[in-house]
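Undergrad: need the 3D shape of this:
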Amino acid sequence: MDIALVVVFMLLGIFFFLLEIFLLPGITVSGLAGVAFVALSVWWAFENIGMTAGWITLAGGLVAFVFAMWAFLKMKVIERVSLTKEIDGVANPLEHISVSVGDKGVTVTRMAPIGMVRINGSDFEAKSDDGLLDRGTEVVVTEANAHQVIVSRAK
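TA: Residues are numbered from 1 along each chain as shown. This next block holds a predicted model:
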């Protein structure tokens, strides 16, 4: 009976470890349950069967864990559940928008501190130097580069 409990605890621990590693990554209940069951298995073997059985359980558990990981990877389970689509998009640089320092415009949305502005007839995202700006506020461009446009309240 003691040996059966050791084996069941070890198998449960390995199962929860694999569940944690491959399906539920992070420190979650599954990983903690895996640690608890493996520790319980080793402790039970040392306490109720003997010193030799405890060491055999520890070594056997390590071997079983390595084998289970190898088998899990060999079955290509990861390829079936992982996202493999490549993202071919790029950042949206502002090089094609003709905005220069001093251009005036109006906020299209509330800027807190980032929002949409309309300058030279084009709408795009900008950052406010003056913090929160309500919709419809007149703004002036204080800085513009390929990645960001910064505006402030028009004086």
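Undergrad: let me see the ranges of the helices in this structure.
TA: Ranges of helices in the chain, per DSSP state H, are 2-18, 29-44, 51-74, 77-81.
Undergrad: mind giving me the domain ranges of the protein?
TA: 2-81, 104-153 (automatic domain parsing).
Undergrad: show me which helix or strand of this structure is least confident by mean pLDDT.
TA: Here the helix or strand of the chain ranked lowest by mean pLDDT, DSSP states H and E is helix 77-81, holding a mean of 70.
Undergrad: quick one: low-confidence parts of the protein?
TA: Residues of the chain meeting the criterion pLDDT under 70: 77-78, 81, 89-97.
Undergrad: returning to what we had before: export the helices of the chain to CSV and tack on distance to residue 136 and mean neighbour count?
TA: Every residue, glycine included, has its C-beta placed from N, CA and C. Shown next, in CSV, are those (distance: least, C-beta to C-beta, whole Å; neighbours: other C-beta atoms under 10 Å):
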stretch, distance to residue 136, mean neighbour count
helix 2-18, 57, 18
helix 29-44, 51, 18
helix 51-74, 58, 14
helix 77-81, 49, 10
